[in-house]
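Undergrad: I would like to see how this sequence folds:
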Amino acid sequence: MVSIAEARYRWPWIVAAVSMMTGVVLACVSMISFEVVRGMLDSISGDGSAEPYTQKLHQRLQTIFALSSAFCVSMASLCIVLRTTSRGKVVEAKITRNLQRLYDDFGLLVAAVGKVLASSISLILFSVILACAVRLPFVQTPIRFDEAISWRDYAAKPFWLTIALYNDPNNHVFHNLISGLFMKWFGESLLVLRSVSLVAGILVVAISAVATKQLVLRSMPEFTSVLASVAGCLVAVAICSNPIVNEFSIYARGYSLLILAWLLSIILLQHSITNRNSASWIGSIVFGALGMWTIPTMIYPIIAAIVFWSLSRSRLVDMVAWLSSIAILTIVLYSPILAISGPQAIIGNPYVKSLSIANWIQQAPSTIYSLREVLLGNMPVTLQGVVFAIVASACFYSIEYRRLAWKAMVSFLAVAAVVFVQRVVPPERTWVWLTVPWSIAVGMAIPIVAMVNLRTPNSSIIASCVIALVVFAAPVSNWFSGTRLQKSFAIGPCPEASNAVSFLVEARRADEAIVVVCPASGTVDWYAKQAGIDPKAFDPPRLKPDGGLSPESIIVGVVNDGYFSQTVTSVLDSHASTRPWKGGVEELIWQGNTLSLYRVLLQKR
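TA: Below you'll find the model as predicted:
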């Protein structure tokens, strides 16, 4: 194999050639006129409609392409300088040495990962089997409206629209990008749609268990390998017993992928700090940026990681460099959204508003209560007390555990301080990443307390106790998760949407449009696609050249489920600012428990 050092006379010219060609292409693209692009988009759409592509957006894209072209040409010029000047050759030699070091460090990282995995095969198998046993029974549950809207508006779009549109926070970009690719490769089914969350959630369980074992062996020398594996098993059980983690490891949302990215990022960060491994450093940055690209609230666990490792006597400059690198790569990943949707689409969340200090303090107790639900779920109060007592006792018994707990607590308080400065009350799912460090804390605490109270270093006694616990882990986890999932089914009329679509297949006239809004819109679209209804059936009516409406009647879906109380008028009014029509005579044609369908004769506004 040719090493990087042996290829040192090749790479500057290769980079220069690729950069120059890219710069020329981007410069040519930046000179294409608005009329040409708009006409092409009109022809592709098929109905002459490309309203979102405006002159202002075109000018913004022209500027971005021109700047990118200048950057590529500058990069090509720099590479040429590196090969043709004496000082440039010195810089080139340093770059080559660093690339060779990165290549060598990557080999060391792969070897280290292989060694850890080989020593934890049984633990990994246990974690994967437990996670599958708990979650697979719920994979085919009816689709929720937030999943369906995420699929319809982002994952089902061409990938260049998935990474460029951010009309609402429902676009978990990295998750929707992977889901969209999977559905193009394997077909649009519920299992494929949820496969990314499912696989990510299973990996979170396995990686957390293995990471706990390594953490115990490194920081607590009194623990044997068996006891460390026991701690890992307990962490797997704790995570699989957490309802909200199981929920977001099933539904097609980006939260389990965020947890996985954060977990891999901090594991690689720890390996980089301990071994001065440049490949681990870069990998940590990449996974941190991918987590941010999934959901911007990844910033909270990143802040926690920075504070934790700063308290672990890591150099502050290293932490600043780590955060800065993640920020730069995140901006690069979000650049299509920044260009198309604008920065405000990411920064501003219409569902989370900044409060006054008084209002924020007033809502703090409910936030703390929701955080307790995230960490402990539906666990009985007495059992919650036992868990907290075990964690507190472990802090008393073990100095190393107490140090880790103290740093973790300070890290969480730093995140709380950031939230206070923002004066926002994020929804409870924002804190789902906390279930991993909490589960690790519980998993490590139980063997510590058991070992001290049993007054014996013999790990077989503790292992026997854990085996008894594991036997009941899956059914207990299913009970906790089942309660949570049944509660989440109430959010959005999923089964009703399926029944309504079945009726539409039989009763709808071919020229009638279907108009529904959240929460029924995404789920009706999903079941309609599965039933073979043409997606154009959901295109709103338009004015004909003679001034009439086409079609003259539509079918309107109305939801009344105790949380949403809609009427035909309210559904139609949601289109009032963009559509030149209003409802007239209404006829109820189908009624379910929470969703009803009306045929409405349209009138011009």
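Undergrad: nearest spatial neighbour of the residue nearest to the spatial centre of the chain, skipping sequence neighbours?
TA: Geometric centre of the chain, nearest residue: residue 254, 2.6 Å, by C-alpha atoms, centre = their mean. Distances taken as C-beta to C-beta, 6 or more residues apart in numbering put residue 172 closest to residue 254, at 2.8 Å, once the chain neighbours are dropped. No exception for glycine: its C-beta is placed from N, CA and C like everyone else's.
Undergrad: So that neighbour is in contact with residue 297, correct?
TA: No - with contact defined as C-beta atoms under 8 Å, residue 172 does not count as touching residue 297 (10.3 Å).
Undergrad: quick one: common contacting residues for the two?
TA: Counting by C-beta atoms under 8 Å, 6 or more residues apart in numbering, the contacts common to residue 172 and residue 297 are residue 258.
Undergrad: Compare neighbour counts for these two and give me the winner.
TA: Using other C-beta atoms under 10 Å, the more surrounded residue of residue 172 and residue 297 is residue 172, with 25 against 22.
Undergrad: residues touching that one, list them.
TA: Counted by C-beta under 8 Å, 6+ apart, residue 172 has contacts 150, 253, 254, 255, 257, 258, 294, 295.
Undergrad: where do the strands sit along this protein?
TA: Assigned by DSSP state E, the chain shows strands spanning 513-515, 542-543, 549-550, 553-559, 581-591, 595-604.
Undergrad: Could you list every helix and strand that the first one packs against?
TA: Counting contacts by 3 or more C-beta pairs under 8 Å, 6 or more residues apart in numbering; DSSP states H and E, strand 513-515 packs against strand 553-559.
Undergrad: Can you check what angle separates the strand it packs on from strand 581-591?
TA: 60 degrees (axes from the mean of the first three to the mean of the last three C-alpha atoms, to 10 degrees).
Undergrad: Please enumerate the helices of the stretch 351-500 of the chain.
TA: 357-376, 381-397, 399-422, 435-454, 459-471, 473-489, 494-507 (DSSP state H, counting those that start in this stretch).
Undergrad: possible to save the ones you listed as JSON lines with mean neighbour count?
TA: Shown next, in JSON lines, are the helices of the stretch 351-500 of the chain (neighbours: other C-beta atoms under 10 Å):
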{"stretch": "helix 357-376", "mean neighbour count": "14"}
{"stretch": "helix 381-397", "mean neighbour count": "14"}
{"stretch": "helix 399-422", "mean neighbour count": "15"}
{"stretch": "helix 435-454", "mean neighbour count": "22"}
{"stretch": "helix 459-471", "mean neighbour count": "15"}
{"stretch": "helix 473-489", "mean neighbour count": "17"}
{"stretch": "helix 494-507", "mean neighbour count": "18"}
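Undergrad: Of the contacts of residue 172, which pair is most distant in space?
TA: 150 and 258 (14.2 Å; C-beta to C-beta).
Undergrad: Of the two, give the one with the bigger neighbour count.
TA: The neighbour comparison of residue 150 against residue 258 (other C-beta under 10 Å) goes to residue 258, with 29 against 25.
Undergrad: How about the helix ranked longest in the chain, which residues are buried there?
TA: Among the segments of the chain that qualify as a helix by DSSP state H, the longest is helix 86-118. Residues of helix 86-118 classed as buried by neighbour count (16 or more other C-beta atoms under 10 Å): 88, 92, 96, 99, 100, 105, 106, 109.
Undergrad: What of stretch 564-577?
TA: 564, 566, 568, 571, 572, 574.
Undergrad: what mean pLDDT does that stretch have?
TA: When pLDDT is averaged over stretch 564-577, the result is 73.
Undergrad: Same check on stretch 165-173?
TA: Throughout stretch 165-173, pLDDT has a mean value of 82.
Undergrad: ok, back up a step: ok, of the contacts of residue 172, which one's closest to residue 411?
TA: residue 258 (17.1 Å).
Undergrad: dump the residue contacts of the closest one.
TA: Applying C-beta under 8 Å, 6+ apart, the residues contacting residue 258 are 172, 291, 294, 295, 297, 298, 301, 432, 433.
Undergrad: Among these, which lie within helices?
TA: Counting by DSSP H, the contacts of residue 258 contribute 291, 294, 301 to helices.
Undergrad: Could you check the pLDDT of the second one?
TA: We note a pLDDT of 92 for residue 294 in this prediction.
Undergrad: got the contact list for stretch 66-82?
TA: Taking C-beta under 8 Å, 6+ apart as the rule, stretch 66-82 contacts 12-13, 15-17, 19-20, 22-24, 26-27, 30, 88-89, 91-92, 95.
Undergrad: if you set the cut-off to 7 Å instead, what comes out?
TA: 12, 15-16, 19-20, 22-23, 26-27, 30, 88-89, 91-92 (C-beta atoms under 7 Å, 6 or more residues apart in numbering).
Undergrad: same thing with stretch 138-158?
TA: By C-beta under 7 Å, 6+ apart, the list of residues contacting stretch 138-158 reads 162, 165, 167, 170-171, 176, 179-180, 183, 190-191, 193-194, 198, 250-253, 485, 488, 491-492, 494-495, 498, 518-519, 521-523, 525-526.
Undergrad: next one: stretch 175-183
TA: So stretch 175-183 is contacted by 150, 154-156, 159, 162-163, 192-193, 195-196, 252, 254, 257, 294 (C-beta under 7 Å, 6+ apart).
Undergrad: Enumerate the positions of stretch 315-328 that are buried.
TA: 318, 319, 322, 323, 325, 326, 327.
Undergrad: Show me which of the contacts of stretch 138-158 are buried.
TA: 162, 165, 170-171, 176, 179-180, 183, 190, 193-194, 198, 250-253, 485, 488, 492, 494-495, 498, 518-519, 521-523, 525-526.
Undergrad: and of the strands of the chain, who's closest to residue 415?
TA: Closest among those, once you apply C-beta to C-beta, is strand 553-559, at 36.1 Å.
Undergrad: Paired strands for that closest one, with orientation please.
TA: strand 513-515 (parallel), strand 595-604 (antiparallel) (DSSP bridges).
Undergrad: before we move on, back to that, which among the buried residues of stretch 564-577 gets closest to residue 212?
TA: residue 564 (42.3 Å).
Undergrad: on that earlier part again, now the contacts of residue 258 as JSON lines including distance to residue 223?
TA: JSON lines is the format used below for those (distance: C-beta to C-beta, whole Å):
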{"residue": "172", "distance to residue 223": "38"}
{"residue": "291", "distance to residue 223": "30"}
{"residue": "294", "distance to residue 223": "34"}
{"residue": "295", "distance to residue 223": "35"}
{"residue": "297", "distance to residue 223": "34"}
{"residue": "298", "distance to residue 223": "32"}
{"residue": "301", "distance to residue 223": "27"}
{"residue": "432", "distance to residue 223": "29"}
{"residue": "433", "distance to residue 223": "26"}
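Undergrad: Quick check: the farthest pair among those residues?
TA: Maximum distance among the contacts of residue 258 (C-beta to C-beta): 15.2 Å, for 172 and 301.
Undergrad: one step back: out of the ones in helices among the contacts of residue 258, who's nearest residue 438?
TA: residue 301 (12.6 Å).
Undergrad: Fine, thanks again, bye for now.
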